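> could you look at this predicted model? Sequence included:
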2 protein chains.
Amino acid sequence: MTEIDKIDRKILSILQGDGRIANVELAERIGLSPTSVGERLKRLQRDGFVEGYGARLNPHRLGLGLLVFVEVLLDKTTPDVFERFAKAVQTAPEVLECHMVAGGFDYLVKARVANMSAYRRFLGESLLALPGVRETRTYAVMEEVKRDAPLPVG
Amino acid sequence: MTEIDKIDRKILSILQGDGRIANVELAERIGLSPTSVGERLKRLQRDGFVEGYGARLNPHRLGLGLLVFVEVLLDKTTPDVFERFAKAVQTAPEVLECHMVAGGFDYLVKARVANMSAYRRFLGESLLALPGVRETRTYAVMEEVKRDAPLPVG
DNA sequence: CAGATTTGCCGTAGAAAATAAGGAAGATTA
DNA sequence: TAATCTTCCTTATTTTCTACGGCAAATCTG
């Protein structure tokens, strides 16, 4: 039911690299009939291994040239600070990821903006405007050495 | 040639959320004929706005339950340290992202592993084994507040 | 301004692919 | 051993993609 064999992993691996591959070609590469592969894929989706499909867009082409990471420290005075911060982060389109971490700070935010002045605006109007934000440390990315690598499934 | 209008943005936005949507349905949602949408999409791909398509896999379902961020400081004694680090990072399957940042450290690494002992192994055998790595700071993610949000295109 | 070109859109037809139904072979279980 | 389940297959129908030709509006150009 929640088991997964070598063939399933191969399907996931190929699909992670090319989510729009035709089922016939996928079946060819796997070495099974299209029907079988289709059934397997359906199961993988039903069981939650595949959450969906998406186009990979080029952020630079879309005018989102600046990638930043922001470490955020919160005031732990009121108990709902974490909730409110989490909710605010969901609605901010600049924020691509946000994680609560164990270590020297509370949240790590990954955001994409057009440039430094856009970031300055985002920081002031979105992040620092939130109640409970005590301190932030910004790290601007100078070079993206490895970007969105596939999960190691195979 | 490299211009992009409102309709294009809508196409990208929908496609980012559902990369496998049928062209006919996409056309319906856009309000154009399938042919026109197909032509636009082809152009968007040719001009590099769409880099590809991929399945979104559930890392937890695949046994990759631990997400970590690692800040890495390098010894800047020899000039090829950066190159060698970058190259090593490319081949490490655990590393999903790696960015060179401006600020208190040199690289920020995002990695996924099964658990803490797997991370311990990765840290010792992959990261610290590299020459030139002077210091690392690990931040384990306790809660993924926002995960892989779509780029703000619309 | 007038003709020519380009651009963006549409419909149609033939090719390709997805999907559903039915069934066979092998493994598992009662 | 018989029944059930799993996994895979083939076939047929439906849906979708794609290449082609044409049309009209916008844009360029002399």
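Yep, that arrived.
> residue nearest the centroid of chain A?
What sits nearest the mean C-alpha location of chain A, by CA atoms, centre = their mean, is A:Glu97, with 5.8 Å.
> grab the nearest non-local neighbour of the residue of chain A most remote from its centre.
No residue in chain A sits farther from the centre than A:Ser33, which is 33.0 Å out by CA atoms, centre = their mean. Excluding the flanking residues, the one nearest A:Ser33 by CB to CB, 6 or more residues apart in numbering or on different chains is A:Ala27, at 5.9 Å. C-beta coordinates here come from the backbone N, C-alpha and C atoms, glycine included.
> helix or strand for the one you found, which one?
helix A:23-30 (DSSP states H and E).
> list the buried residues of that helix.
A:Leu26, A:Ala27, A:Ile30 (16 or more other CB atoms under 10 Å in any protein chain shown).
> same question, stretch A:9-18
A:Lys10, A:Ile11, A:Leu12, A:Ser13, A:Ile14, A:Leu15, A:Gln16.
> helix, strand or coil: sort out the fourth one for me.
Per DSSP: H, G, I helix; E, B strand; the rest coil, the secondary structure class of A:Ser13 is helix.
> so what's the predicted local confidence for it?
pLDDT recorded at A:Ser13 is 98.
> the worst-scoring helix or strand of chain A on mean pLDDT near chain B anywhere?
When the helices and strands of chain A are compared on mean pLDDT, DSSP states H and E, helix A:81-91 comes out lowest with a mean of 94. Yes - contact of helix A:81-91 with chain B (CB under 8 Å from any CB of the partner chain) involves A:Ala86, A:Val89, A:Gln90.
> now flag whichever of these is closest to A:Gly52.
Nearest to A:Gly52 among those, counting by CB to CB, is A:Gln90 at 17.8 Å.
> contacts for the least confident helix or strand of chain A, please.
With contact meaning CB atoms under 8 Å, 6 or more residues apart in numbering or on different chains, helix A:81-91 is reached by A:72, A:74-75, A:95, A:98, A:100, A:106-107, A:109, A:126, A:130-133, B:145-146.
> can you give me the buried ones in that helix?
Residues of helix A:81-91 classed as buried: A:Val81, A:Phe82, A:Phe85, A:Ala88, A:Val89 (neighbour count, 16+ other CB under 10 Å).
> from A:Lys42, how far off is A:Phe69?
Distance from A:Phe69 to A:Lys42, counting by CB to CB, to the nearest Å: 38 Å.
> typed the wrong thing, it's A:Ala22
Going from A:Ala22 to A:Lys42 by CB to CB gives 16 Å.
> next one: A:Ala86
From A:Ala86 to A:Lys42 the distance is 34 Å (CB to CB).
> likewise for A:Asp80?
Where A:Lys42 is concerned, A:Asp80 sits at a distance of 42 Å (CB to CB).
> turn the buried ones among the contacts of helix A:81-91 into a named ChimeraX selection, would you?
The following ChimeraX line selects those of these that are buried, judged by 16+ other CB under 10 Å:
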select /A:72,74,95,98,100,106,107,109,126,130,132,133 /B:145,146
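> where does chain A come near DNA strand D, residue by residue?
Where chain A comes near DNA strand D, counting by CB under 7 Å from any atom of the strand, the residues are A:Ile7, A:Leu32, A:Ser33, A:Pro34, A:Thr35, A:Ser36, A:Glu39, A:Arg40.
> kindly recompute the last result at 10 Å.
A:1, A:3, A:5-8, A:20, A:22, A:27, A:30-40, A:43 (CB under 10 Å from any atom of the strand).
> so which of those residues belong to helices?
Among the residues of chain A next to DNA strand D, the members falling in helices are A:6-8, A:27, A:30, A:34-40, A:43 (criterion: DSSP state H).
> of these, which is the most crowded?
Sorting these by how many neighbours each has (other CB atoms under 10 Å in any protein chain shown) puts A:Val37 first, at 23 neighbours.
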